[in-house]
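> Provide a 3D model corresponding to the input given below.
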Amino acid sequence: MAMAALHSLCFLSPICSSPKLSSYPGGGILSSSGSFFNGGQPLRILPTIYKQNPVVYTPGFTIMMAKPTIQFIKGVDEQTVPDVKLTKSRDGTNGVAIFTFSEPSVFDKSSVLGDITGFYMIDDEGVLESVDVSARYVNGKPAAIEAKYIMRNPKAWDRFMRFMERYADANGLSFVKK
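Below is the predicted model:
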């Protein structure tokens, strides 16, 4: 499929004239005699060799996957592990996750690094975010943060659950059904 996509890409490109696509075991070669891309030299497409998460191995390159983190200020990981409560509608079309952080570390850093801008759950698939964040104060001092993440369809629920599985594994959390 990747070779067909490359063939189509080159075929549609004005850079390539008369592309020839051939293959070898485990990869592909895209060549174009009239191309000024890569000096007319064949472009070798090497296979990707996957090993178990969190590292992907490719010939000559190593890519580390991001550790799942939660942030309130972009770029500043929250160190406090939250209490998470999940609810899901009976028909399974939507759900809500409520995160409660008791004495979060962001309160120590927010005066130096800036204001809390939202709730960001970051992993190797991307970022899930919410702006539904509130702080609880006791005797005039910040004591906790509550963040709500709403999932409006089954796809969003599945994506959230994949994040939570990674976050739980990285932080030693477990699921308790009540």
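
> which regions of this protein lie under the pLDDT threshold?
1-65, 109-112, 178 (pLDDT under 70).

> how about a cut-off of 50?
Applying pLDDT under 50 to the chain picks out residues 1-41, 43-58, 61-62.

> what about the helices in the protein?
2-12, 106-113, 154-171 (DSSP state H).

> report the buried residues of whichever strand in the chain runs longest.
The single longest strand within the chain, with elements called by DSSP state E, is strand 141-151. With burial defined by 16 or more other Cβ atoms under 10 Å, the residues of strand 141-151 counted as buried are 144-147, 149, 151. (Each C-beta comes from the backbone N, C-alpha and C, glycine too.)

> out of the residues you listed, who's nearest residue 158?
residue 151 (8.8 Å; Cβ to Cβ).

> what ranges do the strands span in this structure?
20-24, 27-31, 43-45, 49-50, 55-58, 61-64, 69-73, 76-77, 83-88, 95-102, 119-123, 126-130, 133-138, 141-151.

> who does the residue lying closest to residue 82 once chain neighbours are set aside bridge with?
The shortest distance from residue 82 to any residue other than its chain neighbours is 4.2 Å, reached at residue 99 (Cβ to Cβ, 6 or more residues apart in numbering). Beta-bridge partners for residue 99, by DSSP bridges, are residue 84, residue 147.

> what is the burial count for residue 99?
The number of residues packed near residue 99 is 21, by other Cβ atoms under 10 Å.

> how close does it get to residue 83?
With distances taken as Cβ to Cβ, to the nearest Å, residue 99 is found 7 Å from residue 83.

> ditto for residue 123
With distances taken as Cβ to Cβ, residue 123 is found 20 Å from residue 83.

> who's more crowded, the two?
For residue 123 versus residue 83, the count of surrounding residues by other Cβ under 10 Å is larger for residue 123: 20 against 12.

> do I have it right that that one meets residue 66?
Yes: using Cβ atoms under 8 Å, residue 123 and residue 66 qualify as a contacting pair, with a distance of 6.0 Å.

> so which bits of stretch 124-136 are buried?
Buried residues in stretch 124-136, counting neighbours by 16+ other Cβ under 10 Å, are found at 124, 128, 133, 135.

> Provide a list of residues in contact with the second one.
Put plainly, it is residue 128. 120-122, 149, 159-160, 163 (Cβ atoms under 8 Å, 6 or more residues apart in numbering).

> if anything else comes up later, I'll come back, but that's it for now.
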